[in-house]
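Participant: sequence unknown, structure follows:
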C-alpha cells in the first residue's frame, strides 16, 4: 500500500497479481491490517517445496544484503507452521481478488 513508483506502477503490479492468481499452482492471500501483529512480523520468507519427493523442503529468507537457505528439519518445520497459521487467518483467494480489485479502483 506504499505509493512507491506512483499509482500507475501500483495498478500494474496489482493487475499482475490478479493475472498470477489464475495459475493453478499459485495462491495469493492477504493478511489484513486489521488483524494486527502476526507470527511472520519479522520479515518475508518462502517455503520452497519440490515436486521430487527426494528433495527436502527449504526455507528462503531474504535479508537486506544477503539471503539464507534453511534446510534443517526443525527450522523448516518452524517456518512451515508459521506459514500454515498465516494461511488460516488470511483472506481466502476469493476475498484477496476482491481486495486487489478494490485497491485498483481506489488508485
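Facilitator: Done, it's in. From a predicted model like this one, the values you see are computed outputs, not experimental measurements.
Participant: got the contact list for residue 94?
Facilitator: Not one residue lies near residue 94 by Cβ atoms under 8 Å, 6 or more residues apart in numbering. To be clear about C-beta, it is placed using only N, CA and C from the backbone, and glycine gets the same treatment.
Participant: how about the helix or strand hosting it: buried residues?
Facilitator: Under the criterion of DSSP states H and E, residue 94 resides in helix 93-106. Neighbour-count burial for helix 93-106 flags 96-97, 99-100, 104 (criterion: 16 or more other Cβ atoms under 10 Å).
Participant: same check, this time on stretch 3-21
Facilitator: For stretch 3-21, by 16+ other Cβ under 10 Å, it's 10, 14, 21.
Participant: Over to stretch 76-85?
Facilitator: For stretch 76-85, the neighbour count (16+ other Cβ under 10 Å) marks 76, 79, 82-83 as buried.
Participant: Just the mean pLDDT for it, thanks.
Facilitator: Taken as a whole, stretch 76-85 has an average pLDDT of 93.
Participant: Stretch 43-60 now?
Facilitator: Mean predicted lDDT for stretch 43-60 stands at 93.
Participant: any residues touching that stretch, and which ones?
Facilitator: Residues contacting stretch 43-60 (Cβ under 8 Å, 6+ apart): 61-63, 67-71, 73, 75-76, 79-80, 83.
Participant: Show me which of those residues is closest to residue 28.
Facilitator: Nearest to residue 28 among the contacts of stretch 43-60 is residue 83, at 13.5 Å by Cβ to Cβ.
Participant: any idea how far the closest residue to that closest one other than its chain neighbours lies from residue 81?
Facilitator: Spatially, and ignoring its direct neighbours in sequence, residue 83 is nearest to residue 47 (5.4 Å; Cβ to Cβ, 6 or more residues apart in numbering). Distance, residue 47 to residue 81, by Cβ to Cβ, to the nearest Å: 10 Å.
Participant: This completes my enquiry, with thanks.
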